[in-house]
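Participant: compute the structure for the input listed below.
(chains A, B and C)
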Amino acid sequence: MRAEHAISIRYFTLLGIFVAAIIAFTLHAIEMPNHLQRPEFLTGYVMFGLMLLVALLNVRKKLSMVPIGRAAYWLAGHAFFGVMLIGLYFVHTQTIWPEGGYERAFAMMVYLVTASGLAGYALQRISPRRLAAADLEIIYERIPAELAEVRRKVQAIVLESTKESGADTLGRHYLESLSWYFRRPRFFVPHLFGLQAGQHWIRFQVQTIERYLSAAERAQLTKIEGLALYKDKIDLHYALQSVMKYWLLIHVPLAAALLALMFWHIIAVNVYAR
Amino acid sequence: MMDPEKFRHDSSRYERPNLRYRCGRGAKWGDPCPLGPTTKGQCGGTSECHPAKVGDRFECRRPAYAGGPCSDGPKSDGACSQHRPPCRPRRTIRSVRGILAVGAFALVVAIIAVFLTVSPSSSRAITSAGPLTGGHANFTAKSGCVSCHTPHNGDVGGWVLAAFREDDLTPNCLTCHTFGGDPRLGHNAAAETTPRGRETSCTECHTEHKGESFDIVMMPDEACNACHKTRVDGFSVNHPQFGETFPHAQRTSIVFDHTSHFAKHFLNERVKDSAPENCTTCHEMADAVKSVKPRNFNETCVTCHGDAISSRDLVLLRLPEFSENLLDKQKVMGTCGPTLDQWNMMMEAMSGEEGDMEEMKSMMTGEEEFEPVSTEEASAVSAYLLGMAPDDPETYTKPMQEFLNRLIEEGSAPIAELIDQRAGKKVSNRLLAGLNPELVRRVACAWASNVEYSPPNDPEFGGWYGDGLELKYRPPSSGNHSDPVAYEWALFAAASQGEKDEVLVDFAEVMRKVVLSRTEGVGACTKCHAVSDDGKGGLEIEWRYRETKANPFTRFDHQLHLTLVNPEGVNLVDPSAGCRTCHTVNDQAQYQASFDGSDPHDFQSNFAAIKKETCAQCHNRGQVRQDCKTCHSYHFKPGFDLRMAKDAK
Amino acid sequence: MVTATIMARPQRWDAPFGPEMTDTDVERLLTLPEIAAIERGKFPNHTPLVGVIKNDSRLVRFEAGDIVVREGDYGNSAFLVVTGKLRVVLAPKLPRELIGRQSSRRKGLLEALSQIWTNRVIPEVRDTQRYTDQKLRGSATDLARSQVFLQDVPAVLVDHKTAELGPGTLFGELAALGRVPRTATIFAEEGAELLEIRWQGLRELRKYDAGWRRKIDERYRQNALKVALRESPLFQGLNETELQEVANATLFETYGSFDWHVSYKRMREQGKAEQEPVIAREGEYPDGVLMIRAGFARVAAKMGNGQRTLTYLGAGDTFGIDELWAGRDGTDVSLQTSLIALGYVDVLRVPAPILEKFVFPKMKAPPAPLIERAGRPLTEDAPMEWAVEQRFINGTKSMLIDLNLCVRCDDCVRACASTHGGNPRFIRHGPTFDHWMVANACMHCADPVCMIGCPTGAIHRSISRGAVVINDTTCIGCGTCANSCPYNNIRLVEIRDVGGRPIRDPDSQKPILKATKCDLCETNPGGPACVRACPHDALRRVDFRSGDIFRSLG
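Facilitator: Residues are numbered from 1 along each chain as shown, chains lettered A, B, ... in the order given. Prediction:
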């Protein structure tokens, strides 16, 4: 079982050869101005090839029905070659901020795509552990239904308590404060940063209303608290899973724009700089 | 934990993350219906089931995951009884992402297309790689990109063609920039070593569009190393050692032995007080760049050498030893008149005894044995003019005596004639300027009569004079250090190098040896003025101080260095020590011997060669710059075409 | 119906196997020679013979051409021929399409690629043209009577070597009692009436009647035992005679319930753990080596108030050999661990003297005893303990997701959908332990309870790769498999036409259902697409029995 998932020697060798080729090529490109040759075209076209390879990840994700290599290897390659492209980018441009209108837009795109990619990669390494540690699993698309059910349960408890005790304390508190919480996922940012703002808020709400409740009502409050804490876990999932899905809404469209600019750049330099 | 009861196979269904829409109620955090949107994006939960007609009754067909058949059942007309108002399904995140990606791509393409078509300035914004350097920007503003770039059509075909065709900017650069040589060859082909046949273009080294203040002529050392086989990483590091005689490529044009002057002559009691104090006394620093020219003869050397010129004479003709007398004595006597002895003899004969008359007769008829009065050789000049070996009486007697014959009758004309013949042009008037033909006659007469010529007076002011067996010229000592006749004779002698006649070639060489001799040459010109190959097979006399040959690609500015201080802390302007920082006298050099031959490149300089290490004392890492461009340049005579001023394009 | 004086009758008799069985039928059956020979007195009062016959068996009628049992099917009943003539196909085996199987033709690369534009957005679209070719008698509603039948019996008889099975033949007891797939296909040549006895009834008959016991045991000993013995490494060095002696001395034992999945489901839903029968107890003295023939058992050592699982054993594994080896010189060595049945276990017991005579002389010392594993930290074995408790050990291709790596992107589900026409075949949820999740995808069990009872043979084990697959064409949507699966891994879906409308049965107007589940991407090149698609290598298809699967790679 272990051997099935260890990265095979074959892949490592292939990767090693590719990396060695890129490094050798980069060193050659750095040497080229010493021979009055312009390395920009060579580095540019190599970058073009690498960019296409990197962009092919999007295509690969749609092609899992044919055995063209594990998506995990493709992603590793995408990240790895993306980082190599950063190095090549600076070798190619010899500057941090180029002159020229469209070239500046191009550079901006490169930086944004790279930054978003690195940030997203970091997110995807960190968030799963946090989600696993929550001791709850819920599929993202089911969250609205689950929250609706929690809300129904809480409302049922509140109604039952009101009917039993005749007092509207819980009901009022629910309308004043608790309903806001159960309406939709809350404490998005604190959950992102691993802060316990949700639990803190629940504790505060419980402590606020406790003193006005009878023993029977307190029992119901405990049930509500249980549901609120359960919902807090769902909120954590909502926050982390949202970010793990939404960051791609920045990275992919920007990358598409980057590709468009890249094609234009190739046209422009071939027409005017050769 | 997943609640197994809730997700039993008969009460739940597959999750489908590949769907494009999700329930709108759920999107707004309401209560999502279990039926979900249709694949077209419309609400699928407006009615909960599609009732089925079984027999004559309608039955509810709500699926198990939505709750199973409802208790109310369908309405009597067959419609579902469980309704809810439709939601507005929202797109899933993935679906939105796909739209955004395609949209972003299309937006960029659209923006580029708009920029290209709206106006030329926007078109430039979308294609230009950056602003031009200040100079270029100003004059291209009117005509735009085509000032430098090859124009192309604006349609797709034009772009495609342009993409595949090379855009050679060099011809456009050359409308304003000019060079002393071929702009497409290395160093503009001004160097003697041929670049390896490789054509260059301007854009190979110079890049534009890098911003207004970009230094377009900046060139790193590596650009030079790209072609030069000997790699230089830095001047002090591995620049090749300077030449063995650096900075002197050839011997000086004026023979001035610094060593002997410093060591001996300047210390001589007689001239000590007027000797120069230091280098700058003779060498003019005020406008020195590459060479520091010594001042004129009249400002420097004249103090001691002002009268050198009249110390040596030119022997035009000399009466050589004849082997026999072929002259017609009577003719001679008739033309010249008798000599004193002859006159005395005639007197004696006329007044006297028979024996005298017979002596006279024999003398007149030439029967007596000929005893030449001279035992000398012919002059080298006459050897050349007459084409005869000056040391062999057998060969030269006849032509010389014939020549004398002519001279006694015609004076200096034959000489002039011969001179002009030899020179190939009329120069005799200059060479023989001041020569009185009568003098020639008299001298010739004397020699023809086999007697020495005795001059009437002493030529203390120089000029042509006869003396005994020689007809000579002495440059007048007027304090002026040039004499036109001596000058012309030196030129004549130098020109004889080109003598083509097989016989005359040797005699020309003999003449040159004498006339251009450093020790005997007329006027002592060649004592100080070098006689050198002119590079075309001939000789030239270096009358003037020769400026250092301009190496088109290496610069050295004395002025810049004068303001500096050497590593020992001596101000380089200090005349006593400053120059010696780099220029040190080499006592051992065979300076004078350099001028024995005519090859100016075969020489030893008074000064030790300047070594690279001298310069590297300051030009090294961390101190003064040591990149190639410090001393070297690439282009040969770069200039501007004046048309640029009129904004011709 | 037997009178109410019977006490504590088996609960299962509340749901008799054949509800239409009448007393008359029972009377008639009692006259059959095979049943008449049974000694009624041997049966206890709470399970009388007539009760067994009435409640644990039923009469089924077959017409000419009907297939009675298919080769490869799992079944839990045996058949006794009452009247009629049956044929068992010997060689060559019937083509798989004839008995309802699908041909697992693997798509080529190009065809697999073309799925990218042939996959539909509308869920569960089917091309109903395919269905009209099926030879299906009966309708979806009359499930008990649905049969796949052979159209051309004479041709089959000509092309295949068959043997006749006439009245009085008993067949299928091996599969019923031994959890072995049916070894051959049997069909009716002419109309026949069979007595189908479910396994509980068979067990009672075997238990109390010597004749039936002998018959059943002998059959097993003849047909299957030696094969099972020879496959075990313990008896490798024995020759034919020695093996025969061992076979003669071997005892059969069964523990646990055949229907373990029912009580397991109850356990899952209500949280009540079932009682696990102890086969051999720690501290007792072994009298022979136990060899698992079918099912699962765990080897456990006492730990506090519970039993700590050291490992679990499946078909072919042995228990007790360490202690017997240590005690072969005569000393009494007691068992260091217990053997506990998981759900259901069939065990062979080879007595110690036989071992000493035939096996030990040729055997090398066994490797380190299992008890040494008890020294490992509890946390190391905790996931495995959990997997055993959840009966995931049954699975050979369980879907295990490492939650520390999974970014919840659903790429795996989308990949599964892309290889199944746009329909995913699993759900990315399931029981979790620490950072592991076993997802709701078919585990392709070693003991596939889902395969029991399929009326058409649509669910079967694919020959090439051993995966359990459902033939969509022959499935009639009865739900037997879905209800049997203890893990809810099989789902019935409403199929639709290309317009998106549900396809309904013309008579009942109920939507036609088909059973669906993970098929290990049998018809797709490259194996399971889910594994390939995970961008963080978080998903694996594991066999819990093999090695250290809980070592995470993240």
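Participant: excluding covalently adjacent residues, which one is nearest to the residue in chain C that chain A sits nearest to?
Facilitator: Nearest residue of chain C to chain A: C:Gly526, at 2.7 Å (Cβ to the nearest Cβ). The C-beta positions use only the backbone N, C-alpha and C, and glycine is treated the same way. Closest residue to C:Gly526 apart from its sequence neighbours, by Cβ to Cβ, 6 or more residues apart in numbering or on different chains: A:Pro67 at 2.7 Å.
Participant: which SS class is the one you found?
Facilitator: coil (DSSP: H, G, I helix; E, B strand; the rest coil).
Participant: how much space between A:Asn58 and C:Leu109?
Facilitator: Distance, A:Asn58 to C:Leu109, using Cβ to Cβ, to the nearest Å: 20 Å.
Participant: swap in C:Val68?
Facilitator: 41 Å.
Participant: which one of these two has more residues nearby?
Facilitator: Using other Cβ atoms under 10 Å in any protein chain shown, the more surrounded residue of C:Val68 and C:Leu109 is C:Val68, with 23 against 13.
Participant: got the contact list for the more buried one?
Facilitator: Contact analysis of C:Val68 by Cβ atoms under 8 Å, 6 or more residues apart in numbering or on different chains lists C:62, C:79, C:86, C:186-188, C:194.
Participant: make a PyMOL selection of the buried ones in those.
Facilitator: Selection of the buried residues among the contacts of C:Val68 in PyMOL, burial being defined by 16 or more other Cβ atoms under 10 Å in any protein chain shown:
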select buried, chain C and resi 62+79+86+186+187+188+194
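Participant: and B:Val624, how many neighbours?
Facilitator: B:Val624: 14 surrounding residues under other Cβ under 10 Å.
Participant: quick one: it and B:Cys618 touch, right?
Facilitator: Yes. Counting by Cβ atoms under 8 Å, B:Cys618 is a contact partner of B:Val624 at 4.7 Å.
Participant: related to what we said a few turns ago, dihedrals phi and psi, the residue nearest to C:Gly526?
Facilitator: A:Pro67 adopts backbone torsions of phi -80, psi 90, taken as degrees, to the nearest 10.
Participant: again, but for B:Ser633
Facilitator: Residue torsions, per degrees, to the nearest 10, at B:Ser633 are phi -130, psi 160.
Participant: so what's the residue count around the closest residue to it other than its chain neighbours?
Facilitator: Closest residue to B:Ser633 apart from its sequence neighbours, by Cβ to Cβ, 6+ apart: B:Phe553 at 5.5 Å. Neighbourhood size, B:Phe553 [other Cβ under 10 Å]: 15.
Participant: B:Phe553 and chain C, how far apart?
Facilitator: 61 Å (Cβ to the nearest Cβ, to the nearest Å).
Participant: and that residue, how far is that from B:Tyr634?
Facilitator: 7 Å.
Participant: likewise for B:Val624?
Facilitator: For B:Val624 relative to B:Tyr634 (Cβ to Cβ), the value is 21 Å.
Participant: just to revisit the earlier point, need the contacts of C:Val68 in TSV with secondary structure, can you?
Facilitator: Compiled in TSV, the contacts of C:Val68 are given as follows (three-state DSSP):
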residue	secondary structure
C:Phe62	strand
C:Phe79	strand
C:Leu86	strand
C:Ile186	strand
C:Phe187	strand
C:Ala188	strand
C:Leu194	strand
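Participant: now do the SS call for whichever residue of chain B sits closest to chain A.
Facilitator: Residue nearest to chain A within chain B: B:Gly130 (2.4 Å; Cβ to the nearest Cβ). Following three-state DSSP, we place B:Gly130 in the coil state.
Participant: per-residue pLDDT, the closest residue to chain B within the stretch 301-450 of chain C?
Facilitator: Closest residue of the stretch 301-450 of chain C to chain B, Cβ to the nearest Cβ: C:Asp410 (3.9 Å). Looking at C:Asp410, its pLDDT reads 95.
Participant: ok, and the closest non-adjacent residue to it?
Facilitator: For C:Asp410, ignoring the flanking residues on the chain, the nearest one in space by Cβ to Cβ, 6+ apart is B:Pro17 at 3.9 Å.
Participant: quick check, the one you found in contact with A:Lys245.
Facilitator: No. The criterion here is Cβ under 8 Å, and B:Pro17 misses it with A:Lys245 at 10.6 Å.
Participant: shared neighbours, these two?
Facilitator: Each of B:Arg94 lies in contact with both B:Pro17 and A:Lys245 under the rule Cβ under 8 Å, 6+ apart.
Participant: in the stretch 51-200 of chain A, what residue lies closest to chain C?
Facilitator: A:Pro67 (2.7 Å).
Participant: helix, strand, or coil at A:Leu53?
Facilitator: Relying on three-state DSSP, one would call A:Leu53 helix.
Participant: please read off the pLDDT at it from the model.
Facilitator: For A:Leu53, the model assigns a pLDDT of 94.
Participant: got it, and A:Leu56?
Facilitator: At A:Leu56, pLDDT is 95.
Participant: so is the helix or strand that it is a member of next to chain C?
Facilitator: Here A:Leu56 sits within helix A:39-61, counting by DSSP states H and E. Yes. Contact of helix A:39-61 with chain C (Cβ under 8 Å from any Cβ of the partner chain) involves A:Lys61.
Participant: now that helix: buried residues?
Facilitator: A:39-41, A:43-44, A:46-47, A:50-51, A:53-55, A:57, A:60-61.
Participant: please identify which of these is nearest to A:Ala115.
Facilitator: Compare each of those with A:Ala115 using Cβ to Cβ and the shortest gap goes to A:Val54, at 15.3 Å.
Participant: got the residues of the stretch 151-274 of chain A near chain C?
Facilitator: The stretch 151-274 of chain A comes close to chain C at residues A:241, A:244-245, as judged by Cβ under 8 Å from any Cβ.
Participant: follow-up on the earlier one: continuing past the helix holding A:Leu56, what's the next helix or strand?
Facilitator: Going down the chain from helix A:39-61, the next helix or strand is helix A:71-93, by DSSP H and E.
Participant: what about the strands in the stretch 1-150 of chain C?
Facilitator: Assigned by DSSP state E, counting those that start in this stretch, the stretch 1-150 of chain C shows strands spanning C:57-62, C:67-69, C:77-83, C:86-91, C:136-137, C:147-148.
Participant: mean pLDDT for those strands: which is lowest?
Facilitator: strand C:136-137 (a mean of 50).
Participant: hmm, back to that, how much space separates the residue nearest to C:Gly526 from chain B?
Facilitator: Taking Cβ to the nearest Cβ, one finds A:Pro67 at 20 Å from chain B.
Participant: from C:Arg106, how far off is that residue?
Facilitator: 11 Å.
Participant: now list whatever residues contact both of those two.
Facilitator: Residues touching both A:Pro67 and C:Arg106 (Cβ under 8 Å, 6+ apart) are C:Pro525.
Participant: tell me which parts of the stretch 1-150 of chain B are close to chain A?
Facilitator: B:1-2, B:15, B:17, B:22-23, B:25-27, B:29-32, B:34, B:93-94, B:96-97, B:100-105, B:107-109, B:112, B:125-131, B:145, B:149.
Participant: ends of stretch C:87-99, how far apart?
Facilitator: 14 Å (Cα to Cα, to the nearest Å).
Participant: revised request: answer the last question for stretch B:258-268.
Facilitator: Start-to-end, stretch B:258-268 (Cα to Cα) is 14 Å.
Participant: ditto for stretch B:223-240
Facilitator: Start-to-end, stretch B:223-240 (Cα to Cα) is 17 Å.
Participant: what of stretch B:296-305?
Facilitator: End-to-end distance for stretch B:296-305: 13 Å, by Cα to Cα.
Participant: from the chain's centroid, how far away is it?
Facilitator: In terms of Cα atoms, centre = their mean, to the nearest Å, the centre of stretch B:296-305 is found 32 Å from the chain centre.
Participant: which regions of the stretch 201-350 of chain C lie under the pLDDT threshold?
Facilitator: By pLDDT under 70, the low-scoring segments of the stretch 201-350 of chain C are C:258, C:268-274.
Participant: how about the helices of it, start to end?
Facilitator: Counting by DSSP state H, counting those that start in this stretch, the segments of the stretch 201-350 of chain C that form helices are C:210-220, C:226-231, C:240-249, C:260-270, C:321-326.
Participant: done for today, thanks.
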